[in-house]
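Undergrad: Sequence unavailable; structure follows:
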């Protein structure tokens, strides 16, 4: 295996034998496939506080004198003891493993019943392995999919394409929950629950209070300091409440972390979006669709989209949801636009808290000072939340 010195963090088991076995299992029609060379490098640096360790692999193969090349992504448990323990307790990796092994294949089987949707997929192909702590996925970058520039946030074209894909994912989860009610049990809320109240408070309250102090120093925005302190005092109760799936209420399988860095776009020669893939299913939860929508809307669109096209985004989402349910014969299970708007209103605190805690990360901004991208974006959001009675 060819490795560069700066990539010494690659585990030794990511070797020729591992990839050869994995590829042969995936391609039963190619039992003579031989791996000739493997190049692996980490995608994430040591110390990154993520739910998994990520590696990019390029595999040179040979079969019947023909050369083949595979581009793969490997996800494994984080190596740090603390993160490994947290991932196990919250079922983070188990949830994503379940998504790729059972949920996505079941969704794709539904799509295969409709000729026009037969080739549709939501994410990368999974290559099953014998390791229960590892996922091997196709590298979507090699097929032309790419991330949008997150510091610029998403324009209307990107937002509509992303929400149509999310709507299809949600629609198929509705059908799965009808056909196999127990299929959603794996995705019960595991973080925003009463048993983790102390942990949630340790994360939310200091972040919100620190943000309140920062905002209070911005000319013309001083009033928002006390408003955010009030949010901090109620945030834990509110978030636990809105994350809970309530009997009889609208519920879908949420992606749980639907923001610009987990959405890959493919373009034509005119830079129009032609397809969308979703990645990173570690935070999936069975809950109101408004949670995914709130998180996306208040972290990822640019300001003009959020200001001028918010209702359009909801209508595009709802139309795609209805179209997928209808073509598969489940149109009667579509909730109304009025119900969706009410869900968005009821779950508005989730969007507010998400913006407060995650916007800096989404924008890739360490600088939150005067005239920073974060300051300009967050000031617009504060005024938006105030105008809509959320702050």
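TA: Yes, it's here. Everything quoted here is computed from the prediction, not taken from an experiment.

Undergrad: list the buried ones in the lengthiest helix in the chain?
TA: The helix that spans the most residues within the chain, counting by DSSP state H, is helix 156-179. Neighbour-count burial for helix 156-179, counted by 16 or more other CB atoms under 10 Å, picks out 156, 158-177. (Each C-beta comes from the backbone N, C-alpha and C, glycine too.)

Undergrad: which helices and strands does it pack with?
TA: Applying 3 or more CB pairs under 8 Å, 6 or more residues apart in numbering; DSSP states H and E, we find helix 156-179 packed against helix 104-111, strand 252-254, strand 263-267, strand 273-278, helix 289-297, helix 303-308, helix 310-327.

Undergrad: name the helices or strands packed onto the last one?
TA: Okay, so that is helix 310-327. Applying 3+ CB pairs under 8 Å, 6+ apart, one finds that helix 310-327 contacts helix 156-179, helix 289-297, helix 337-346.

Undergrad: would you list those helices in TSV and tack on distance to residue 269?
TA: Shown next, in TSV, are the helices and strands packed on helix 310-327 (distance: least, CB to CB, whole Å):
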stretch	distance to residue 269
helix 156-179	15
helix 289-297	28
helix 337-346	36
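
Undergrad: Those: which one's closest to residue 18?
TA: helix 156-179 (30.4 Å; CB to CB).

Undergrad: What is the end-to-end distance of stretch 295-311?
TA: Length of stretch 295-311, first residue to last, CA to CA, to the nearest Å: 15 Å.

Undergrad: before we move on, what about stretch 22-30?
TA: For stretch 22-30, the first-to-last residue distance is 12 Å (CA to CA).

Undergrad: Determine how far that stretch lies from the middle of the whole chain.
TA: Computed by CA atoms, centre = their mean, to the nearest Å, the separation of stretch 22-30 from the middle of its chain amounts to 29 Å.

Undergrad: rewinding a little: which among the helices and strands packed on helix 156-179 is found nearest to residue 43?
TA: Closest to residue 43 of the helices and strands packed on helix 156-179, according to CB to CB: strand 263-267, at 13.8 Å.

Undergrad: thinking again about what came up before, identify each buried residue in whichever helix or strand comes after the longest helix of the chain, please.
TA: Sequence order places helix 197-216 as the next helix or strand after helix 156-179, per DSSP states H and E. Buried residues in helix 197-216, counted by 16+ other CB under 10 Å: 200, 204, 205, 207, 208, 209, 211, 212, 214, 215, 216.

Undergrad: Taking those residues together, which two end up most distant?
TA: Maximum pairwise distance in the buried residues of helix 197-216, criterion CB to CB, is 24.0 Å, between 200 and 216.

Undergrad: For stretch 33-45, list every residue counted as buried.
TA: Neighbour counts over stretch 33-45 (16+ other CB under 10 Å) mark 33, 35, 38, 40, 42 as buried.

Undergrad: What average pLDDT does that stretch get?
TA: Stretch 33-45 carries an average pLDDT of 88.

Undergrad: now stretch 273-287
TA: 94.

Undergrad: If we go by neighbour counts, what in that stretch is buried?
TA: Residues of stretch 273-287 classed as buried: 273, 275-287 (neighbour count, 16+ other CB under 10 Å).

Undergrad: Name the nearest of the residues you listed relative to residue 233.
TA: Taking CB to CB as the measure, residue 233 lies nearest residue 287 of the buried residues of stretch 273-287, at 23.9 Å.

Undergrad: Which residues are in contact with that closest one?
TA: 189, 243, 244, 245, 251, 252, 254 (CB atoms under 8 Å, 6 or more residues apart in numbering).

Undergrad: returning to that earlier point: point out the most buried one among the helices and strands packed on helix 156-179.
TA: The highest mean neighbour count among those, using mean count of other CB atoms under 10 Å, belongs to strand 252-254: a mean of 27.

Undergrad: which residues are contacting it?
TA: Contact partners of strand 252-254, identified using CB under 8 Å, 6+ apart, comprise 103, 169-171, 173-174, 176-177, 184, 187, 284-289, 291-292.

Undergrad: hmm, try it at 10 Å
TA: With contact meaning CB atoms under 10 Å, 6 or more residues apart in numbering, strand 252-254 is reached by 99, 103, 107, 166-167, 169-174, 176-177, 183-184, 186-187, 189, 243, 245, 281, 283-293, 295, 321, 335.

Undergrad: Next: stretch 13-25.
TA: The contact list for stretch 13-25 (CB under 10 Å, 6+ apart) reads 1, 3, 11-12, 30-38, 40, 55, 57, 59, 61, 63, 68, 70, 72, 74, 76, 127-131, 134, 136.

Undergrad: Among the residues you listed, name the ones in strands.
TA: Mapping those onto strands (DSSP state E) picks out 34-38, 40, 55, 57, 59, 61, 63, 68, 70, 72, 74, 76, 134, 136.

Undergrad: secondary structure class for the residue nearest to residue 250 when sequence neighbours are not counted?
TA: In space, and not counting its chain neighbours, residue 250 is closest to residue 335: 5.1 Å by CB to CB, 6 or more residues apart in numbering. Here residue 335 is recorded as coil under DSSP: H, G, I helix; E, B strand; the rest coil.

Undergrad: Please report how far residue 335 lies from residue 356.
TA: Separation of residue 335 from residue 356 (CB to CB, to the nearest Å): 28 Å.

Undergrad: Am I right that residue 163 is in contact with residue 310?
TA: No. Residue 163 is beyond contact range of residue 310, at 11.3 Å (criterion: CB atoms under 10 Å).

Undergrad: Give me the common contacts of the two.
TA: 297, 301.

Undergrad: what residue ranges in the stretch 201-350 of the chain score low on pLDDT?
TA: Along the stretch 201-350 of the chain, segments meeting pLDDT under 70 are nowhere present.

Undergrad: Show me the shaky parts of the stretch 1-150 of the chain.
TA: Within the stretch 1-150 of the chain, the ranges that satisfy pLDDT under 70 run 1-8, 29, 45-51, 78-91, 118-119.
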